[in-house]
Structures are given as structure tokens and as C-alpha cells.
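Q: model this:
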Amino acid sequence: MNLSQMLDAAIEGPVVTSFTRFGYDARRRLEKWTPLDIYDLQGRVITLTGATSGLGRAAAEQLARCGATLVLVGRNPERNEETAAAITSVTGNSTVSHFAADMGDQEQVRALAEHILVAHDRLDVVIHNAGALSTTRQTAPGGTEMTVASQVVGPFLLTSLLLDRLAASAPSRVITMSSGGMYTAPVHVGGLQMDEHTYRGTEQYARAKRAQVVLNEMWAKQAGERAIHFHSMHPGWASTPGVDAALPRFAAVMGPTLRSAEQGADTLVWLAADDGAPLDTNGGFWLDRRRRSTHRLPATWRSDTPERRARLWDWLAEMTGCQVPWAGSA
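A: Reported below is the predicted structural model:
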């Protein structure tokens, strides 16, 4: 282990130093990160969900500065239009388009996929960023709990529908914005959706985020040989409108130490733009441009079995009607 790795490990151990802006600042200086503005993404087509605020908005603006052709996805058509216009004005990038879709509604996800396939003859990156922490249980069309529908089922469906185009554009990437909150959650299948009697927003969010990380690894095994690179990540603790609304006490207490949206989105943009480590690896979970462990607790590690993984995949294939049988061995 070299000095840089030793210092990073020291930062990584305590969650507070790792997840706050202190960890971001220390690692950026320690490892002399490549500035994001240096990347040239002209000609690359990137689809980004959850693009109108917070981390998604910050990532979209930076990707536009790098010259990417963007498809911004959000639920509200007016907000989508305003966001795309603002990003075009600020960056001078005229290749920013938008499409309205709720990732919890499978019909809208299918419409989004069709739009992308018709509008673009290549697809370099899909970024699954949509999702919020809800303090009350809500259901999506079809009856699935909304957090699971929008952050697990919808992304699985969209990835499945765009897989061939991603392969045809290889090397390509699928990046999922997860959360450090997933460290507290074991792998659930039958219990992935909490019922109205046991529902707690933070716990449901953590379960969905754990599922995202597991599926990222599974997709890497399923489609990695087609030169599609799958990465999940967490942004650390960042100050965003979503955090302020869902976790007001946390936001108030931790406010001075929270990362900015731009800092939280840095690794997301780097994974989409850099042609080094993100294309040399597959299936990783990242924080601050470095691959991290997916487990911190023995209980979550013990829950992560091949049988549960296969059940999760089969459940999603059935829910979405996608004929993508699990072909790997977890």
C-alpha cells in the first residue's frame, strides 16, 4: 500500500471524515484529480435521469460544459424545459434536449427508451440518478412501492431496453447514483417493499439503494462481455433540496460539513467522462474516484447470497416483462 492509499484508508474509516466535504477536499488534493473541465465529450450521447435539481442538475451542467449531447429526464415537462434552457445558456452547449418521464411508471419508461432509440443512433452513457427519499409510503402505477418502482424497477427496465444500443456504441457505460445509506441494509427480495405498517422512509430508501448496488454488479457479469461498463457510486453527504426536504434535522446539524451538489456529483461525471479506470473496471462501487467496499457490516455481507441475487433478478424480469434471464453466477 502506497502513501496515497494509506492516507485514503485513514479518511475512509470514520464515516464523518469520509462522507463530508472534508473527505472530498482531502482526496482531491491528495490524488491531484484531473479537473472535470478538461474532458472533451463532444459526440458522446448521455442520458441522465433526475436532471432538474441537486446532484443531477450539477452533473448535467458539468457534462454540458464538456460538450456532451445530453438527454435530460425528469417528471415535470416545464421544469425539464427550464433546466435544459438554463444549461444551454450557461454552457453554450446547444445539444441539450429533454424528455418527461416518471421512472416509477413503466409505460413512461418504455416511452423514454423509444424516444432515445429514435432520436439518437448511438448511446454512450446512461445515468440512473432519479429518486427521492419519501417519508410516507406511496405507490406507483401498478401498485409497486414508489421508491422501489422508481429506483430499482424503472432503471432495470430502462437498462434492458437500451442494452443493445449501448452494446452497439461500446465501450459504453451505465452509472447508478446510490447512497452510503445502503451500508445499513441487507439484501432484501420478498421484503424489498416495506408495507404501510412497517414503512420508514430511510429504511425503504436504504433497501432500494442496496438493491441498486447488487444489480450493478450483476449487470456487469451479465453484459460486461459486450463492453458495457457498469458502475454504482455514492456522493457522500451532499446538500441538496432532496436532503433538506427529507432529512431536515440531519441537514441542519450537518449543514456546515455537507458537500456541495457539485462536489457530490464529481465522481458521477468522472465515471461518465474518464477513459481510464472507468473503462478498465466493471461492476464497482465508487466514492471520490476510488472503488470502495460494498459492505461495512457482517450482517449485510451474510445476506448477500447467490440465491437472493438470483431471486432479485428473476423478480425484476417478471415485474418488467423483460426476457433477460440471469445468466451469471453471483
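
Q: Just the buried positions in stretch 236-250, please.
A: For stretch 236-250, burial by neighbour count (16 or more other C-beta atoms under 10 Å) applies to 236-240, 242-243, 246-247. Yep, even glycine has a C-beta here, placed from its N, CA and C like the rest.

Q: next one: stretch 104-116
A: Neighbour counts over stretch 104-116 (16+ other C-beta under 10 Å) mark 104-106, 108-110, 112-113, 115-116 as buried.

Q: can you redo those residues as JSON lines with pLDDT and distance to H128?
A: Shown next, in JSON lines, are those (pLDDT from 0 to 100; distance: C-beta to C-beta, whole Å):
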{"residue": "G104", "pLDDT": "97", "distance to H128": "13"}
{"residue": "D105", "pLDDT": "97", "distance to H128": "15"}
{"residue": "Q106", "pLDDT": "97", "distance to H128": "15"}
{"residue": "Q108", "pLDDT": "98", "distance to H128": "15"}
{"residue": "V109", "pLDDT": "98", "distance to H128": "11"}
{"residue": "R110", "pLDDT": "98", "distance to H128": "16"}
{"residue": "L112", "pLDDT": "98", "distance to H128": "12"}
{"residue": "A113", "pLDDT": "98", "distance to H128": "13"}
{"residue": "H115", "pLDDT": "98", "distance to H128": "17"}
{"residue": "I116", "pLDDT": "98", "distance to H128": "14"}
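
Q: re the thing from before, which of the buried residues of stretch 236-250 lies closest to N93?
A: Distances from N93 to those, taken as C-beta to C-beta, are shortest for T240 (22.9 Å).

Q: Do me a favour and get the backbone dihedrals for the closest one.
A: phi -140, psi 160 (degrees, to the nearest 10).

Q: contacting residues for it?
A: 53-55, 261, 264 (C-beta atoms under 8 Å, 6 or more residues apart in numbering).

Q: Which residue is the nearest non-sequential neighbour of R21?
A: Leaving aside its sequence neighbours, R21 sits nearest to R259 (C-beta to C-beta, 6 or more residues apart in numbering; 4.6 Å).

Q: Isn't the one you found up against V243?
A: No - counting by C-beta atoms under 8 Å, R259 sits too far from V243 to count as a contact (10.4 Å).

Q: quick one: common contacting residues for those two?
A: Taking C-beta under 8 Å, 6+ apart as the criterion, R259 and V243 both touch W237.

Q: Verify the contact between E31 and W270 for me.
A: No - contact between E31 and W270 fails when scored by C-beta under 8 Å: they sit 11.4 Å apart.

Q: quick one, which of these two is more surrounded?
A: W270 (22 against 15; other C-beta atoms under 10 Å).

Q: any idea how far R290 is from that one?
A: Computed as C-beta to C-beta, to the nearest Å, the W270 to R290 distance reads 11 Å.

Q: overlap in contacts of E31 and W270?
A: R289.

Q: Let me see the residues that make contact with stretch 104-117.
A: 47, 71, 73, 99-103, 123, 140-142, 144, 146, 149-150, 153-154, 157-158, 161-162, 165, 320.

Q: let's see it at 6 Å
A: Contact with stretch 104-117 is made by 47, 99, 101-102, 140-141, 146, 149-150, 154, 157-158, 161-162, as judged by C-beta atoms under 6 Å, 6 or more residues apart in numbering.

Q: so which strand or helix has E107?
A: Using DSSP states H and E, E107 falls within helix 106-119.

Q: I'd like to know which elements the helix or strand following that helix is packed against.
A: Next helix or strand after helix 106-119 toward the C-terminus (DSSP H and E): strand 125-128. Counting contacts by 3 or more C-beta pairs under 6 Å, 6 or more residues apart in numbering; DSSP states H and E, strand 125-128 is packed against strand 45-49, strand 172-177.
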